[in-house]
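Chemist: Sequence and predicted structure, then a few things I'm wondering about:
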Number of protein chains: 4
Amino acid sequence: MKNIAILCSGGDVSGMNPALKQFVEYSLQNGLTPYFVYDGFEGLIDNKIEIATHKDAAGIINRGGTIIGSARSKRFMQKEFREVAKKNLDALSIDMLLVLGGDGSFRGMDIFYKEHGIKFCGIPSTIDNDINGTEYCLGVDTALNVIKDSIDNIRDTAASFSRAFVIETMGRNCGYLALVSALCSGAELCLIPEIEYDLKEYEKSFKEQIKSGRKYFIAVVSEGIKEESSEIAEWFEEKIGLESRVTILGHTQRGGNPTIYDRLMAYKFVNHAIDGLLGGRDESVICYTKKGFEYKSIDEIANKKYELDSELLGYLKKF
Amino acid sequence: MKNIAILCSGGDVSGMNPALKQFVEYSLQNGLTPYFVYDGFEGLIDNKIEIATHKDAAGIINRGGTIIGSARSKRFMQKEFREVAKKNLDALSIDMLLVLGGDGSFRGMDIFYKEHGIKFCGIPSTIDNDINGTEYCLGVDTALNVIKDSIDNIRDTAASFSRAFVIETMGRNCGYLALVSALCSGAELCLIPEIEYDLKEYEKSFKEQIKSGRKYFIAVVSEGIKEESSEIAEWFEEKIGLESRVTILGHTQRGGNPTIYDRLMAYKFVNHAIDGLLGGRDESVICYTKKGFEYKSIDEIANKKYELDSELLGYLKKF
Amino acid sequence: MKNIAILCSGGDVSGMNPALKQFVEYSLQNGLTPYFVYDGFEGLIDNKIEIATHKDAAGIINRGGTIIGSARSKRFMQKEFREVAKKNLDALSIDMLLVLGGDGSFRGMDIFYKEHGIKFCGIPSTIDNDINGTEYCLGVDTALNVIKDSIDNIRDTAASFSRAFVIETMGRNCGYLALVSALCSGAELCLIPEIEYDLKEYEKSFKEQIKSGRKYFIAVVSEGIKEESSEIAEWFEEKIGLESRVTILGHTQRGGNPTIYDRLMAYKFVNHAIDGLLGGRDESVICYTKKGFEYKSIDEIANKKYELDSELLGYLKKF
Amino acid sequence: MKNIAILCSGGDVSGMNPALKQFVEYSLQNGLTPYFVYDGFEGLIDNKIEIATHKDAAGIINRGGTIIGSARSKRFMQKEFREVAKKNLDALSIDMLLVLGGDGSFRGMDIFYKEHGIKFCGIPSTIDNDINGTEYCLGVDTALNVIKDSIDNIRDTAASFSRAFVIETMGRNCGYLALVSALCSGAELCLIPEIEYDLKEYEKSFKEQIKSGRKYFIAVVSEGIKEESSEIAEWFEEKIGLESRVTILGHTQRGGNPTIYDRLMAYKFVNHAIDGLLGGRDESVICYTKKGFEYKSIDEIANKKYELDSELLGYLKKF
């Protein structure tokens, strides 16, 4: 009987809980004993590692966040604490680990593997969808649907007034969330870090649209653009002549009942991750690409920046 | 055949559209010809007044905002523009008006009535629930349910980390939204303008809770308190020792599919308003009180500040 | 230190969990030790009675159903089992009980009180809203909002075809759910047990509406009417000439994240119930009436059938 | 300037409205004049064909169903009516058509093309996801999320009692909806037409689970299985000894605000369909496969039954 553990690292996403449930079930189906590591790499160091049963994973499938907690760990970047972590795992005879997180977490695990031989498979999990090598990161679909609902709400109000609304999404340096939610909610303006823009170019068109009867504008902008959202709002006031409001969606984007897509992807990521470990892949990240699921090395993942899908960018031209 | 019109003034709320639908239906049932005034008092001045049919009100019951637009009007505060408005109404033989808005709008209507004899009934409509004399303003229930969903989402994330979340609701100088949503989402801290507080008094208790195992705090604060939300977050970081995040809910609170309660209250407000006008009440506001629906004069409404229900405030003691 | 217990009896409703949370908090604030009785009166008999702590009530506020379970109990109708229940309560020194349920449950408690002196306060809890003496039963608002969302979904489809949709709500012999959800979703037909109707009378009007361009009909009917829903659908097919579909909403109506209104009413019901017991009311039901909260005796509650609000019925005329 | 039209045929799905919006926008971007055909092939025959503008497609993106109506047409299966349809299209110089529907509709179009040379591209649209040759049909994701929410609601109730719930999904002869929603909601039993089953095999396991403490079961079954849902419920009562309830989800599954995934897929399907027509593909269906988007012939689509993904079926073993 072999032992396997799972932990969440970095920002939480909706979909982690379904992944935890599937981890317990698929491990047991494969004759493995599953363990939960609480509070990320911190929990590895502090020995918060416990056997996980069906009961521990019951009733969590429809909850956002992660019941085993997540954390960012500075200590795990130090050799001495990784040694402590290794001892804790050894004491429980655990030599395989699933890591739900981003590329930084995977890089940390890779060092740990090279030092101590703890095998791992990374599952890309971030609402920013900014991990190179995978088309999809767990949690993105739920985040997008939460954003969509918020924009739908704001549109109700926008349409009742003559106003511009500037809505700021998360995404760090990646415009994915802003781009897709702008496209899918029919926003009139979308600004993301990946695309150079000059607000001046919109002035003429927007003023003409107002003359033709348009009463309001919805602008969806990514947090990573060069201006503050408040500056975009000022531009609407000063250059377009429209009263404007800013809404920063913030942490409401992170949570929520996981969508079907995120539940299903959670299952698939977990099964492929466990299959990979059992099949001899000792240090990999399970990615979802146009070819299906693929195992990739840390170097493939982390050696360059994520690039937005060109098909999606093509849709942006209309703005 | 008599003519009657309706307009929305000030901030929009979910529930205005069901009110418009009921206005059309109940007017017709009473042998009145209903008119929509578009864009608030501005539309009265600019003669945006049109007959409303069943068809105009079809399919709007589940939409937030208002299909006839709302606006704030500085011009209506000037005598000359009110004269224009009067002429426009005379041209259509309209001498009765329903006004969905706040006390400022009702005050404006009252002047208009005294000058020109246009009868009116005000329907309290603001998510802030800050109008004196009525226990309920149209739109509040929908706003509260939207806020609740956002806090539920944020709690998912908060519970996954050791963090404090500061969530800022609307409400201007009234703490109603913050108070009720804090109570109903089990927040650990609620700060509103009506209640003096000293953050120091929470320090000891919060630190003890952390020692006893509490991992996170949700603080719901009203936009009208003396500190910025960011200052509350800093307090959590510096005094309580918890990483913290701010979410300003903003305009997402305004919109959304109207709840059952707001749809039903919209019907009742409208019916009582029309009944009042037909029954000889020429200048009133229809209020919802502990005794049921009551007609009140502008002076009763506007002569003092809304006070929070003492029963609700009693619940706050636990914080 | 006194002990107090709570149990859920009969059908579950959304709002029971917030009530349980408030029961724990308000009991502790009043120096009482709170106990949960699991699985209704069955749990009283089987001694499933446990101390309830803050921790037991954490994280439940946004969940439908009841974490302590509910049940219907035939055994509790027998004297011998009530004696067992009494012994179980005595062993824990519990002599006060809150009962979330319907009038049948309250009647059972009343017998129990008269035999054994266990004081109680009933909290009306049923989505059917059919308890005489109270305007509101816990859970109704959530149920209505769930129904509303379903009807909104069905309307999308209905509007895309030329069809009649017959939607059956719960409610047993009470038409409240059907009436309010029909009104609030703008249904074209509403049939409830309280109102005699003759489908023939609608034939002419409906056919005329189709001639004038109406493409679809939404009919909301209560499960307690004399016909089966399928018969109403057949009537649309045969007499009105419209393809038709039946949807029986079923148990989806029972669940769901409790609305703000149900959360707040749960708090208020619980506080008044505990206040009543502490204030010397040994056998009562806490009701919500047009005058506010009132304590009533079982006889006042159970001596006649609930009657629909005449104001609401007035709205029905339009059909 | 070329003309292009779009129509919806067969059952409506959420995602048709975003597709209509994108059809207008992408046609105009490509120098085509877009037309809406109302009420499916019936509208082709009855000449309900109208130019579509940006304004016609405004504000529809978040609405289920289809604003241009759908219908099943027996007349279009007759040569004489297809000739009428051809004349109507000729009169407007329309020789390209997008068809949102199922394989029956595409087959009809193929005959029409062969007779009259009207080029077309089919976009697979059905919540049943039962069209051979494509992994995805428009509307499936929204339907699944609606079903998920319903099951989540029912689970609240199930967990409060000792009960079995049998939930019936749509899907005709295809078990996709039932399979995915069962997997994603952690149902204890899933029955679909594609998989032979013998209820007897579950008896022992289910009884043992009850002995081990399980209180309730959720069974998700497809409408196409050999038994009625009520028979499954009876089996739970008689063989497993659990009170049981049936919920037939019905037409609530069809509607609802389209999810992000369906909005995005609507855009992509439409763009590829128009690109195909402009690129010389005169009679095709745009499919989404593991290789991406592919144009297929009617024969490829309709020559065999859709088969469930083997990976998904693999997950079913656990039941």
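Modeler: Noted; the coordinates are in hand.

Chemist: how about the residue minimising distance to the centre of chain A, phi and psi?
Modeler: Compute the mean C-alpha point of chain A, and by CA atoms, centre = their mean the closest residue is A:T126, 1.7 Å away. Backbone geometry at A:T126, expressed as degrees, to the nearest 10, gives phi -170, psi 140.

Chemist: Can you tell me how far A:D56 is from A:I240?
Modeler: Distance of A:D56 to A:I240, given as CB to CB, to the nearest Å: 54 Å. Glycine gets a C-beta too; all of them are placed from N, C-alpha and C.

Chemist: if we can go back for a sec, from chain B, how far off is the residue nearest to the centre of chain A?
Modeler: Separation of A:T126 from chain B (CB to the nearest CB, to the nearest Å): 13 Å.

Chemist: Report pLDDT for that residue.
Modeler: For A:T126, the pLDDT comes out at 96.

Chemist: How about the residues of the stretch 51-200 of chain A by chain D?
Modeler: For the stretch 51-200 of chain A, the residues in contact with chain D (CB under 8 Å from any CB of the partner chain) are A:59, A:61-62, A:141, A:144-145, A:148-149, A:152, A:155, A:159, A:180-181, A:183-186.

Chemist: Could you pick out the buried ones from the residues you listed?
Modeler: A:61-62, A:141, A:144-145, A:148-149, A:152, A:155, A:159, A:180-181, A:183-186 (16 or more other CB atoms under 10 Å in any protein chain shown).

Chemist: So which elements touch the worst-scoring helix or strand of chain A on mean pLDDT?
Modeler: For chain A, the helix or strand with the lowest mean confidence is helix A:310-316, at a mean of 87 (criterion: mean pLDDT, DSSP states H and E). Applying 3 or more CB pairs under 8 Å, 6 or more residues apart in numbering or on different chains; DSSP states H and E, one finds that helix A:310-316 makes contact with helix A:176-184.

Chemist: Need the contact partners of the helix it packs on.
Modeler: A:127-130, A:140, A:143-144, A:147-148, A:151, A:169-171, A:187, A:189-192, A:220-222, A:253, A:306, A:308, A:312-313, A:315-316, A:319, D:18, D:61, D:260, D:263-264, D:267 (CB atoms under 8 Å, 6 or more residues apart in numbering or on different chains).

Chemist: Can you flag which of those residues belong to strands?
Modeler: If you go by DSSP state E, those have A:T169, A:L189, A:C190, A:L191, A:V220, A:V221, A:S222 in strands.

Chemist: Make JSON lines from the residues you listed and add neighbour count to it.
Modeler: JSON lines is the format used below for the ones in strands among the contacts of helix A:176-184 (neighbours: other CB atoms under 10 Å in any protein chain shown):
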{"residue": "A:T169", "neighbour count": "30"}
{"residue": "A:L189", "neighbour count": "19"}
{"residue": "A:C190", "neighbour count": "25"}
{"residue": "A:L191", "neighbour count": "25"}
{"residue": "A:V220", "neighbour count": "29"}
{"residue": "A:V221", "neighbour count": "28"}
{"residue": "A:S222", "neighbour count": "27"}
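
Chemist: just those residues now: which is nearest B:K215?
Modeler: A:T169 (27.1 Å; CB to CB).

Chemist: What's the separation between the residue nearest to the centre of chain A and C:C174?
Modeler: Taking CB to CB as the measure, A:T126 falls 50 Å from C:C174.

Chemist: cool, A:G171 as well?
Modeler: A:G171 is 50 Å from C:C174, where distance means CB to CB.

Chemist: Can you list the residue ranges for strands in the stretch 1-150 of chain A?
Modeler: With strands called from DSSP state E, counting those that start in this stretch, the stretch 1-150 of chain A shows them at A:2-9, A:32-37, A:49-51, A:70-71, A:94-101, A:119-124.

Chemist: Out of those, name the one with the poorest average pLDDT.
Modeler: Note on these: lowest mean pLDDT is at strand A:70-71, with a mean of 94.

Chemist: got a list of contacts for it?
Modeler: A:8-12, A:16, A:39-43, A:101, B:160-162.

Chemist: which of the residues you listed tops the neighbour count?
Modeler: A:C8 (33 neighbours; other CB atoms under 10 Å in any protein chain shown).
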